[in-house]
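Undergrad: Just the structure for this:
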Amino acid sequence: MLLRRSPLIVLLSLEIMLNGANLALITFARHQGDQTGQIFALAVMAVAASEVVVGLGLIVAIARKRIDLDVDKFNVLRG
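TA: Next up is the predicted model:
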């Protein structure tokens, strides 16, 4: 994730990392016989879904302004 310059690839990498965390939470919950890990995994999925919506919205808004979509050059959102 840190070596890529495309914001879409960064978002995709973040989603894969969150899905890996979900898989670990669910695996440990099943191993322990407890449902708490599955509840946390559901919360992580909600956060991941909102992250995708906000991230893709920002990418589309920046692309419509014809700004270069390079992660290192993002200074548009600074105040």
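
Undergrad: Going by C-alpha atoms from here, please, whenever you check contacts or count neighbours.
TA: Fine.

Undergrad: Could you report the neighbour count for residue 37?
TA: With neighbours defined by other C-alpha atoms under 10 Å, the count for residue 37 comes to 20.

Undergrad: Residue 34 and residue 25, how far apart?
TA: Plainly put, residue 34 is 11 Å away from residue 25 if you go by C-alpha to C-alpha, to the nearest Å.

Undergrad: Which one of the two is surrounded by more residues?
TA: A direct count of neighbours by other C-alpha under 10 Å for residue 34 and residue 25 places residue 25 higher, at 21 against 12.

Undergrad: How much space separates the more buried one from residue 13?
TA: 19 Å.

Undergrad: One more: residue 57?
TA: 17 Å.

Undergrad: how about the helices in this protein?
TA: Using DSSP state H, the helices of the chain run over residues 7-32, 36-64.

Undergrad: got the angle for the shortest one vs helix 36-64?
TA: Read that as helix 7-32. Orientation check (axes from the mean of the first three to the mean of the last three C-alpha atoms, to 10 degrees): helix 7-32 against helix 36-64 gives 180 degrees.

Undergrad: Can you spell out which helices and strands pack onto helix 7-32?
TA: Judged by 3 or more C-alpha pairs under 8 Å, 6 or more residues apart in numbering; DSSP states H and E, helix 7-32 is in contact with helix 36-64.

Undergrad: Show me what the helix it packs on is packed against.
TA: Partner elements for helix 36-64 (3+ C-alpha pairs under 8 Å, 6+ apart): helix 7-32.

Undergrad: Centre of the chain to the helix it packs on, how far?
TA: Averaged C-alpha coordinates place helix 7-32 at 10 Å from its chain's average position (C-alpha atoms, centre = their mean, to the nearest Å).

Undergrad: In that helix, which residues are buried?
TA: The neighbour-count check on helix 7-32 (16 or more other C-alpha atoms under 10 Å) flags 7-8, 10-11, 14-15, 18-19, 21-22, 25-26, 28-29 as buried.

Undergrad: residues in contact with residue 52?
TA: If you count contacts by C-alpha atoms under 8 Å, 6 or more residues apart in numbering, residue 52 has them with residue 11.
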